[in-house]
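J.: sequence and predicted structure are below.
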Amino acid sequence: MTAMDWLLDLYHRHGDWRDLTLVMLSPVFGIFIAMEAWRFRKTGVFDLWDSFDSLNSGGSYLVTDLILLVVLVLPAMGWVYDHRLFTIDVTPLRFVGLFLFVEFLYYWFHRGSHRIRWFWCAHVVHHGSEKMNFGTALRQSWFYPIAGNWLFYLPAVWLGFEPRWVLFALSLNLGYQFFVHTTWVDRMPAWFEFVFNTPSPPPRPPRPQPAVHRQELRRHADRLRPAVRHFRARAGAGGLRPGASLPDPQPVLDQRPRMARDVP
């Protein structure tokens with residue numbers, strides 16, 4: 001039996017249609033990428049090689065994620081589910097609650113990916129482009145399952161939701177996140193922006209009066225200096241090189257040794 005036959009047999013025995021949510025959404029993603037590329041042609045929003053890196057990262061992520069899902073993530077989540085507090089049968093209303101809970105857990109995953117070096121070493125792939133377009137949303141790391149991004153969603157499993165429903169809610173969340181990676185949208189209705197994450201830029205602060213303008217600038221500059229020094233230090237220790245636009249796994253393979261060298 002070849003490795004491919006073994007993987008196919010493994011998926012047929014343990015696979016589920018919910019595992020293929022992002023694969024089934026891929027044609028929709030492709031249509032929107034093509035529409036955006038046509039809309040912003042000759043504007044610099046898209047770069048050929050940068051877009052190729054994004055597509056390469058997204059496609060390879062789907063394949064490796066499915067393999068690691070069956071081999072690693074589902075068995076680990078299954079063990080937690082065997083020790084769950086309750087058994088929660090999924091109904092339409094309960095799924096809405098699960099989706100909101102997974103969204104809450106996703107917030108902490110994303111925050112942790114920017115604050116904790118171990119998770120940043122995988123998440124850095126998503127920030128490996130200098131462009132902001134739908135294609136950039138496809139930049140996902142092969143190493144997410146190995147780094148343990150699924151650990152953030154274990155509370156939902158431990159509470160009593162079946163693992164595949166948790167991962168299905170996460171896939172829908174990621175599908176929505178695709179549409180916020182664009183400069184195409186300027187403003188959404190205020191009620192929508194209050195509830196949902198959107199691609200709209202943050203509102204500009206009110207312009208200070210001329211009499212206090214110089215004082216305000218000085219005060220903000222004083223507040224920003226520590227942040228700038230921190231950013232420069234992080235860029236040298238854990239970020240990408242300026243001008244870098246790299247496909248996975250090169251940023252990850254570059255980050256892990258650098259993290260290990262920084263451990264005292």
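T.: Received, thanks.

J.: below-threshold pLDDT in the chain: ranges please.
T.: For the chain, the stretches flagged by pLDDT under 70 are 1-15, 17, 201-264.

J.: residue boundaries of the strands in it?
T.: Across the chain, reading from the start of the chain, there are no strands by DSSP state E.

J.: and the helices in it?
T.: Taking DSSP state H, the helices of the chain run over residues 3-14, 21-39, 48-68, 74-82, 92-115, 117-123, 144-147, 154-159, 163-178, 190-195, 210-238, 250-262.

J.: can you list the buried residues in the fifth one?
T.: What that stands for is helix 92-115. Of the residues in helix 92-115, those with enough neighbours to count as buried (16 or more other CB atoms under 10 Å) are Leu98, Phe99, Phe101, Val102, Leu105, Tyr106, Phe109, His110, Gly112, Ser113. Any C-beta I mention is one placed from the backbone N, CA and C, and that applies to glycine too.

J.: was I right about the last one contacting Val125?
T.: This points to Ser113. No: using CB atoms under 8 Å, Ser113 is not in contact with Val125; the gap is 10.6 Å.

J.: wait, Phe134 touches Val185, no?
T.: No: here Phe134 lies out of contact with Val185, judged by CB under 8 Å, at a distance of 11.1 Å.

J.: same drill for the two, tell me which one is more crowded.
T.: In this view Phe134 and Val185 are compared by other CB atoms under 10 Å, and Phe134 has more residues nearby, 26 against 12.

J.: wait, what's in contact with that one?
T.: Phe29, Phe32, Ile33, Glu36, Phe178, Phe179, His181, Thr182 (CB atoms under 8 Å, 6 or more residues apart in numbering).

J.: and the closest residue to Ala137 other than its chain neighbours, how far is that from Lys131?
T.: Leaving aside its sequence neighbours, Ala137 sits nearest to His181 (CB to CB, 6 or more residues apart in numbering; 3.8 Å). Applying CB to CB, to the nearest Å, the value for His181 to Lys131 is 10 Å.

J.: okay, those two: which has more neighbours?
T.: For His181 against Lys131, the residue with the higher neighbour count under other CB under 10 Å is His181, and the figures read 21 against 17.

J.: show me what contacts that one?
T.: Taking CB under 8 Å, 6+ apart as the contact definition, His181 lies against Met132, Asn133, Phe134, Thr136, Ala137, Pro199.

J.: ditto for Trp108
T.: For Trp108, the contact set (CB under 8 Å, 6+ apart) comprises Phe152.

J.: just Arg18 next, same as before
T.: Residues touching Arg18, when contacts are defined by CB under 8 Å, 6+ apart, comprise Arg164, Trp165, Leu167, Phe168, Ser171.

J.: quick check: the first one touching Leu69?
T.: Meaning Arg164. No: using CB under 8 Å as the test, Arg164 is too far from Leu69 to be in contact (9.7 Å).
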